[in-house]
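Chemist: With the sequence up front, the predicted model follows.
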Amino acid sequence: QVQLVESGGDLVQPGGSLRLSCVGSGFPLDQYAIGWFRQAPGKEREGVSCITGRDGTTWYADSVKGRFTMSRDNGKNTVYLQMNNLKPEDTAVYYCARPRGGTYFPEDPLFFGPWGQGTQVTVSS
């Protein structure tokens with residue numbers, strides 16, 4: 001059974017940092033791209049970052065470029081999202097997921113799944 005479990009969310013002040021983790025099971029994570037998405041209250045889920053399985057190429061949404069860094073540890077079946085200089089507008093539930101098929105757009109959650117419970121990130125003073 002394919003499963004991805006997110007953790008690491010917390011309440012943090014503006015300008016602070018967090019590292020989110022996404023642990024995969026039921027499939028060889030190193031052979032799949034993994035995407036991070038977020039959904040704020042009243043908004044649609046949006047792509048934040050993505051990393052390929054083959055060569056670790058990363059993609060970032062414009063809103064997080066220069067602040068967020070995605071990485072993977074295939075030995076631990078885990079991908080990470082390091083988030084620095086957090087802003088209140090980063091407040092959301094963060095999810096990780098893999099593409100449903102071979103073709104995907106990293107910014108579009110429709111191409112990804114299954115979805116876990118997510119982890120809450122709140123940026124507030």
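Modeler: Noted; the coordinates are in hand.
Chemist: Give the buried residues for the longest strand belonging to the chain.
Modeler: In the chain, assigned by DSSP state E, the strand with the most residues is strand 18-25. Within strand 18-25, the residues that count as buried by 16 or more other CB atoms under 10 Å are 18, 20-24. Yep, even glycine has a C-beta here, placed from its N, CA and C like the rest.
Chemist: This structure: strands as residue ranges?
Modeler: Applying DSSP E to the chain gives strands spanning 3-7, 11-12, 18-25, 34-39, 46-51, 58-60, 68-73, 78-83, 92-97, 119-123.
Chemist: could these be laid out in a markdown table, adding distance to Thr103 and mean pLDDT?
Modeler: As requested, the strands of the chain are exported to a markdown table (distance: least, CB to CB, whole Å; pLDDT from 0 to 100):
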| stretch | distance to Thr103 | mean pLDDT |
| --- | --- | --- |
| strand 3-7 | 20 | 96 |
| strand 11-12 | 36 | 98 |
| strand 18-25 | 20 | 96 |
| strand 34-39 | 13 | 98 |
| strand 46-51 | 13 | 97 |
| strand 58-60 | 15 | 97 |
| strand 68-73 | 20 | 95 |
| strand 78-83 | 20 | 97 |
| strand 92-97 | 15 | 98 |
| strand 119-123 | 28 | 98 |
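Chemist: so which of the ones you listed comes closest to Phe112?
Modeler: Nearest to Phe112, of all the strands of the chain, is strand 92-97, at 3.9 Å by CB to CB.
Chemist: and that closest one with strand 3-7, angle?
Modeler: Taking axes from the mean of the first three to the mean of the last three CA atoms, to 10 degrees, one finds strand 92-97 and strand 3-7 inclined to each other by 150 degrees.
Chemist: export strand 92-97 as CSV, just CAs?
Modeler: Extracted C-alpha coordinates of strand 92-97, given in CSV (Å, rounded to 0.1, in the frame of the first residue of the first chain):
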residue,chain,number,x,y,z
ALA,A,92,-1.3,26.2,5.5
VAL,A,93,-1.6,22.5,5.8
TYR,A,94,1.4,21.0,3.9
TYR,A,95,1.1,17.7,2.0
CYS,A,96,3.5,15.5,0.1
ALA,A,97,2.4,13.1,-2.7
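Chemist: Each with direction, which strands does that strand pair with?
Modeler: With DSSP bridges as the test, strand 92-97 is paired with strand 34-39 (antiparallel), strand 119-123 (antiparallel).
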